[in-house]
Every structure is written in structure tokens, then in C-alpha cells.
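In: Have a look; sequence and predicted model below, questions after that.
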Number of protein chains: 2
Amino acid sequence: MEGTSQGGQAARAPAMTDVARLAGVSHQTVSRVLNGHPNVREQTRLRVRAAIEELGYRPNRAARTLVTGRSQLLGVVAPNSTLFGPASLLAAFELAAGAAGFSVSVRRVRVLDQPSIAAAVEHHRDQRVAGIVVIAPTASANEALAGVPAEVPVVTVDGDPERSAALVTVDQEAGAYAATRHLLAAGHRTVWHVSGPSDWLDAAGRVRGWQRALEEAGAEVPPVTPADWSAAAGHRAGQMLARMPEVTAVFAANDHLALGVLRALNERGRPVPAEVSVVGFDDVPEAAYFTPPLTTVRPDFDQVATETLNLLLKRITGGESGPVRRILTPVLVERESVTAPPR
Amino acid sequence: MEGTSQGGQAARAPAMTDVARLAGVSHQTVSRVLNGHPNVREQTRLRVRAAIEELGYRPNRAARTLVTGRSQLLGVVAPNSTLFGPASLLAAFELAAGAAGFSVSVRRVRVLDQPSIAAAVEHHRDQRVAGIVVIAPTASANEALAGVPAEVPVVTVDGDPERSAALVTVDQEAGAYAATRHLLAAGHRTVWHVSGPSDWLDAAGRVRGWQRALEEAGAEVPPVTPADWSAAAGHRAGQMLARMPEVTAVFAANDHLALGVLRALNERGRPVPAEVSVVGFDDVPEAAYFTPPLTTVRPDFDQVATETLNLLLKRITGGESGPVRRILTPVLVERESVTAPPR
DNA sequence: GGTCCGAAGGTGAGCGCTAACATAGCCCAC
DNA sequence: GTGGGCTATGTTAGCGCTCACCTTCGGACC
């Protein structure tokens, strides 16, 4: 055992110069190979690749970020919830971004108010993220976006079409309209609505669609039953509605609310759909196994995620910056919770 | 308008030297203030702070990462699912990490096999993350962890207690044991089990707990009904069980399976709990509104998240590296889906 | 009054990479 | 055969920070 240098050192990870030395080229050529530049001879490229392999070299992203001012990181600002919509959206986005070679840094905000969102966005900017996605389902969250400099690529999901420069969202109004029409078409004179939290844009859109459908049909517009997104709130709302004999059709702003409504109706001996028809929104995977299986409205969250990523990448690279919006229409999924009203 | 320098430039973001110049100190002193070093006069500190404020200076994390070799980023490897457990865990972890001043980079893996997990871990290492959390609910996912060098702080969640160096998990076996005991205590002669996917450690643990409870009670151990985690699979399993008159008690490996079972029993005219009692696992927020409200087992995902963060931070800073494990015991939540068997 | 010490702050190098420019070699046209 | 324009590669200068080391200065102590 000779006392060579390989002994005690903490074996610093190999850097570009190490690869260069082994391959007998300059570090710049290594950089060119790594970044797929043209003007590198095939033979050289192979030599560099081999050296990279041999040393187990991995480029240091921090160094690259420092010099370019841009990281391969995408920032996401998301509400601290496990609601099905945001959760599936996030998972799909993370998967798609990963496939596109980006990492996703998620910042959760406890409340969706202006300062919290702004702070989360600033945090991402500190990290030199390449772009930011803001899941901004409330009006106040959208206000926070006004303060972001235009050179930062931002895409809003579930945001305010009136405000955001780039936006991907589900057409809540169309979904609610379809749900309400469906109930009306089954013969109900009107449809009651259990809504989501009033400061959520999604909830507001669903109220609008419901109301428009009723008005167009010349049906009475009953008062909205306010709730949050939980089954518990749906249950409370359902207990009210179950007491009123004239209620024969309910459109709940999401499936969990609908579940609570279903439960309350069941408890009060009002069978669904025989006496009361119910429609939800979201099509959570369990909706088909509710009692009865729930007719609901399905947004395509995967598509929202991929559209969001595409839009963001376009802004990052192309610098396209017009007020683009992608609004995806959800589809009605018919199951067994809707039928004609009792005669 | 004098032709001064403030005109056309793209206004490079202020760096440490800019702050230093304005405050009349060296860049090093600015660094000391930023990092809370001692040996800075209060007056100087204030001057620097003011300069930072005035310029709107924000430190460049990439530069810091480059020189220190460590970022303020935590990497998470998570399965591509919207299952309630992982989703709540992730949300809680992101929130807690954010509060501790860390960003969280999430890498989703489509399948939980060895190469996928290994690739995701490597990806995080490329980013020089300070630590990594691996949500590794399958045996093969755990194998991938063997290849990770010991100097990288890694904490496993839902991993294999036999393998992982640092681990936080829920005591699946204890939860399943409690659920099964509860059914037995209600008077059932035995309990049938609808299990999760067999390669999931969680599922295996629940099978063990169920089996142990039966064996200890001297009850017959019926064959496991295999399923995945979905309500659809629960429904299929339930259709089998509903046909067998001797089935009076079912323990489902999670609440969504239980929902499917409930639905199947209902369809076959076997009322729950009058004829068949059912217990779930997870306590999803909707479980209280199933028909009937579901008795289930509740793990504390928030606590799993905070324990995971604490453990990870301890490894990052302290370098503590023994095979620490935190195993949290879930609690049984009694509702209305369990009663004595029909006589 | 000299010595030592610690507090407060400065200086210079370098982390690993990319961008911009410089250079060498080659082929082709005239 | 010489200039021009390629292509392939090297050289140099930072990006914005932290680390290791150095300097200065004001006392405490004998």
C-alpha cells in the first residue's frame, strides 16, 4: 500500500474539470456535451460520455443556476388541503413536470389571503425558480398576483379569469349548468343548491351555472344553502333540506357535500333517488360506490395539470406572455342518484 | 434627463456587494449579519439591515448552495397516488417544512419499484438537497434505499422497519389488531379481511394484526380477500363476501375498500350493521357520513409528518445516524357500522 | 508601559458552472 | 496557393456567495 493521495480524503464529488481531464478535453467541451451543443465531434462526445460514466459524474445544478440565473425548478403555491381536486392536480403536475426534467417545489399556504400567497410567491422567487404555478381558488389569492413582476412566468390554476395573465381552469359554470339541466330534464320543478365556501371562485362559478340553468328554464331559484367543502357541512345542509317536502332535487357543489346530503336524507327517511335526486361535482373515485351511486360532474384534473405545465413551459422558453387562458369543460357522469320526482 | 447609468440597464438584482457598499461595510459583514453571526456591532447590524431593506436585497440561494454544498431544500419521493394517507402526510410535511424554513421538492414515481425509487433519490441528490424523505410503502421501494450513501440524511415513511436506518410509520399491526378485537368483542365468531395490495407493507401489517387477533382469540382465520386500495376493489370483494351467510364481520384495509364493501352488502340486501359489521382504516373525513357511519382506525398523519421532519432535521444538523424509528399507534374510532352478530 | 487577548471587521480565494471570445485546423473557391 | 468561412475546441472571466485567514483596535493585567 503506497501512501498515495487516494487514502484519507473525503472523496470530493467529481466536477466537470475531473471529467475533462480524464477525457483529455477542456471543461468547456464537457459542458457542451452535457448541454447538447452542436459542434462537438461524435468521437469526442463519446469520449466525454465515457469519462462521465466512469467517474459517476453528476452536474452541480447550483453552479448552473448561479451562472444562468435560472433553475430547473418549478414552484407551486397550493392551499393546505387534501381536497380531491387540488390533490390530484398537484400529483399529476408533479409527475408531468418530472417527466419534463423539472423539479417541483411546493409551498403550502395555510390561508388563501393576499399576504400569504404573496409571501409564498416571493419565497419561490428567492429560489430562482424557472416558473410558478399558483393554485388560487379564491378572489383574495388572485389579488396577490398583481404584485408579481411580469418577467416571472406565472400560471394560475382555478384563478380569476378577469385578473390572471395566464390561467388554466375548469369551466365550473358549464359543469354546474349541465348538472342542473340534467335534474330539470328529469322532471324536477326546480333544483336546490348546496354551495362551497363563498370566497372560492369555483364555488361561485358553480352557483352561477346552477342559477343560469334555472333562470333559462323559468324555474324558481331557491336560496343557496351555504357550506364549506366537507361532508360534515353537506350533512348539516342536508338536514335542512330533508325537512322540506318540496325539495326533490339537490345539486351539491362537490361529491363530499353530496355524500353528507345523501346521509342526511337517508337518516330522515327520504330515499334517494325515489324522493330526492342528488348530483355532485368532482367525480371522486368513490362516488360510484356511494348509496346510491352518485351522478356527478367530472373535471379532467390530469388535463388541467398537463395544460398548466405546457403553458408554463411556453412562457419560460418562448416568453409568450399574452393573457392566455385554457378553460376545460367537465362532463356529466350519470349514475343512480337521479330520477324523476315523485309524482 | 442626464445620461446617467440608471437608464437602459436591465436592473440586475442587487447582490451582497451592493448592500455592502450602501452600508459602508464589506460584503463579508453583510454575510455575517445575514447568517446571524456574533461579533457584529449592533449599530453595524442595523445599518446593514437598513441597506438590505432599501435595496430590496434577497440572498441568492444558488450561490450559497454552490459554496456550502447544501441547499435549504428537502426532497420527497412519493408514489403517484391521491390516496388519503400519503396525500395528507405530504401536505402536512410541506407545511411543517415551510415553517422551518425549508422548501420541499417532490418527485413522484409512477411505480414503486427499485429502479424508480433509486432514480428519484439520485435526482434529489443532484439538487444537493439537505435531506430526503422517501414514502416507501412497498418492499421493493425499500430495497432501493440500500444503495444510498450513509452521508445523505434519509428518513423513510411507511417503510420496512427491518431495513431502514431512520423510519417513521404507523403501527399498522396494532391498528388492525384493535379493529379485529373490536369486532370479536362485539360477539362475532370470526372476522373476514379485505386486504390492500400484497406488496404494500401497510397492507401486510394490517393482515398480520388481523391474523394475530384472531389467533389469540382462538377464532378461525378465514382466507384473505385480496384487493387494491380502491372502492371498486372493495365492491368486488364485498360481492363475494355478501354471498356467504356465515360472514358477519369484515375488516377492510382502508375506508374506501370499506365503502365498496358497504355498497355491495347493501346491494345484496345484507344490512350493515344488523347482519354484517364492517370496520375500515384511515378515518377519511367522509367516513362519518357513509351509510352507515363507519367505525374505523385513525392514524395521525399530521404527527407522522412532524415526526418525520424532526427526525430529518436532526440528521441534517446533528448528524445523529443511529437506526431511529418512530412508530405511532393509531386509534379506533367507533361509529355505527359495528354491532353484535345476528343471533 | 508592554503584552496579550478577544471583539469587530476586512481581504482573497474559490465553489462548479456557462457565456463570450479566441484560436486552430480544414476545405473550398478562385 | 491564398483568403474566407466553416467546424471543433480552448481560454478567460465571472455568477454571488462562504470560508479561512488576516488586520486593527481597545482594554485588562502584571
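Out: Sure, I can see it.
In: so where's chain A shaky on pLDDT?
Out: For chain A, the stretches flagged by pLDDT under 70 are A:1-11, A:319-321.
In: Could you break it into its assigned domains?
Out: Domain assignment of chain A by automatic domain parsing yields the ranges A:16-59, A:70-170+A:301-328, A:172-299.
In: Would you reformat those as a markdown table and include distance to B:Arg47?
Out: Just so you know, the C-beta spots here come from the backbone N, C-alpha and C atoms, and that holds for glycine as well. A markdown table is the format used below for the domains of chain A (distance: least, CB to CB, whole Å):
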| stretch | distance to B:Arg47 |
| --- | --- |
| domain A:16-59 | 39 |
| domain A:70-170+A:301-328 | 23 |
| domain A:172-299 | 43 |
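In: Give me whichever of the ones you listed is most buried.
Out: Highest mean neighbour count of the domains of chain A: domain A:172-299, a mean of 22 (counted as mean count of other CB atoms under 10 Å in any protein chain shown).
In: okay, how far is it across that domain, tip to tip?
Out: By CA to CA, to the nearest Å, the extent of domain A:172-299 from end to end equals 9 Å.
In: Report the distance from it to the chain centre.
Out: Mean C-alpha position of domain A:172-299 versus that of the full chain (CA atoms, centre = their mean, to the nearest Å) differs by 23 Å.
In: For chain B, tell me whether it is touching it.
Out: Yes: counting by CB under 8 Å from any CB of the partner chain, chain B is contacted by domain A:172-299 at A:230-232, A:234-235, A:256, A:259-260, A:262-263, A:266, A:285-286, A:288-291, A:293.
In: Nearest to DNA strand D, out of the domains of chain A?
Out: domain A:16-59 (3.3 Å; CB to the nearest atom of the strand).
In: So for that closest one, first residue to last residue, what's the gap.
Out: End to end - CA to CA - domain A:16-59 spans 7 Å.
In: Indicate whether it makes contact with chain B.
Out: Yes: using CB under 8 Å from any CB, domain A:16-59 reaches chain B at A:58-59.
In: Report the central residue of chain A.
Out: A:Leu89 (3.4 Å; CA atoms, centre = their mean).
In: picking that back up, which among the domains of chain A is found nearest to B:Val278?
Out: Nearest to B:Val278 among the domains of chain A is domain A:172-299; the distance by CB to CB comes to 12.9 Å.
In: Would you tell me which of the domains of chain A gets closest to B:Gln239?
Out: domain A:172-299 (11.7 Å).
In: for the residue nearest to the centre of chain A, what are its contacts?
Out: A:135, A:157, A:301, A:304-305, A:308 (CB atoms under 8 Å, 6 or more residues apart in numbering or on different chains).
In: Mind checking which of those are in helices?
Out: Here DSSP state H is the test, and these give A:301, A:304-305, A:308 as lying in helices.
In: Let me know the distance separating A:Ala118 from A:Ile132.
Out: 12 Å (CB to CB, to the nearest Å).
In: now the strands for the stretch 51-200 of chain A?
Out: Taking DSSP state E, counting those that start in this stretch, the strands of the stretch 51-200 of chain A run over residues A:73-79, A:103-109, A:131-135, A:154-157, A:167-170, A:192-195.
In: now for the fifth one, which elements pack on it?
Out: Under the contact criterion of 3 or more CB pairs under 8 Å, 6 or more residues apart in numbering or on different chains; DSSP states H and E, strand A:167-170 touches strand A:154-157, helix A:301-317, strand A:325-328.
In: ok so, going back, turn the contacts of A:Leu89 into CSV, including distance to chain B.
Out: Shown next, in CSV, are the contacts of A:Leu89 (distance: CB to the nearest CB, whole Å):
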residue, distance to chain B
A:Ile135, 12
A:Val157, 16
A:Phe301, 9
A:Val304, 14
A:Ala305, 11
A:Thr308, 15
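In: out of the helices and strands packed on strand A:167-170, which comes closest to DNA strand C?
Out: Smallest distance to DNA strand C across the helices and strands packed on strand A:167-170 (CB to the nearest atom of the strand): 13.0 Å, for helix A:301-317.
In: quick revisit: the helices and strands packed on strand A:167-170: which one's closest to A:Val109?
Out: strand A:154-157 (13.9 Å).
In: Who are the packing partners of the closest one?
Out: For strand A:154-157, the packing partners by 3+ CB pairs under 8 Å, 6+ apart come out as strand A:131-135, strand A:167-170, helix A:301-317.
In: Which helix or which strand is home to A:Pro273?
Out: Taking DSSP states H and E as the definition, A:Pro273 sits outside all helices and strands.
In: Could you measure from it over to A:Glu286?
Out: Separation of A:Pro273 from A:Glu286 (CB to CB): 18 Å.
In: Please apply the same query to A:Glu334.
Out: Taking CB to CB, one finds A:Glu334 at 17 Å from A:Glu286.
In: now do A:Gln303
Out: 21 Å.
In: can you check A:Gly196 too?
Out: 19 Å.
In: Over to A:Leu214?
Out: Using CB to CB, A:Leu214 is found at 29 Å from A:Glu286.
In: and if you look at A:His124?
Out: A:His124 is 34 Å from A:Glu286, by CB to CB.
In: Enumerate the residues of the stretch 1-150 of chain A near DNA strand D.
Out: For the stretch 1-150 of chain A, the contact set with DNA strand D under CB under 7 Å from any atom of the strand comprises A:24-29, A:32, A:38-41, A:43-44, A:63, A:66-67.
In: again, 6 Å this time
Out: A:25-26, A:28-29, A:38-41, A:44, A:66-67 (CB under 6 Å from any atom of the strand).
In: partners of the closest residue to A:Met240 other than its chain neighbours in the sheet?
Out: Leaving aside its chain neighbours, A:Met240 sits nearest to A:Thr225 (6.4 Å; criterion: CB to CB, 6 or more residues apart in numbering or on different chains). A:Thr225 has these beta-bridge partners by DSSP bridges: A:Val194.
In: distance of A:Arg243 from B:Thr138?
Out: 49 Å.
In: Same question for A:Pro323.
Out: 45 Å.
In: got it, and A:Arg206?
Out: For A:Arg206 relative to B:Thr138 (CB to CB), the value is 39 Å.
In: Ok, A:Glu42 next?
Out: From A:Glu42 to B:Thr138 the distance is 42 Å (CB to CB).
In: what's near enough to touch the spatially closest residue to A:Arg32 that is not a sequence neighbour?
Out: Leaving aside its sequence neighbours, A:Arg32 sits nearest to A:Val40 (CB to CB, 6+ apart; 5.2 Å). Going by CB under 8 Å, 6+ apart, A:Val40 touches A:29, A:32-33, A:48.
In: Can you redo those as TSV, where the extra columns are distance to B:Ala176 and secondary structure?
Out: Below are the contacts of A:Val40 laid out as TSV (distance: CB to CB, whole Å; DSSP: H, G, I helix; E, B strand; the rest coil):
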residue	distance to B:Ala176	secondary structure
A:Thr29	59	helix
A:Arg32	57	helix
A:Val33	54	helix
A:Val48	54	helix
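In: Among these, which one sits closest to DNA strand C?
Out: A:Arg32 (8.0 Å).
In: okay but the closest one is in contact with A:Thr44, surely?
Out: No: between A:Arg32 and A:Thr44 there is no contact under CB atoms under 8 Å: 9.0 Å.
In: Could you pull out the strands in the stretch 201-343 of chain A for me?
Out: For the stretch 201-343 of chain A, the strands defined by DSSP E, counting those that start in this stretch occupy A:225-226, A:249-252, A:277-279, A:296-298, A:325-328, A:331-333.
In: now for the ones in helices among the contacts of A:Leu89, which pair is the farthest apart?
Out: A:Phe301 and A:Thr308 (10.3 Å).
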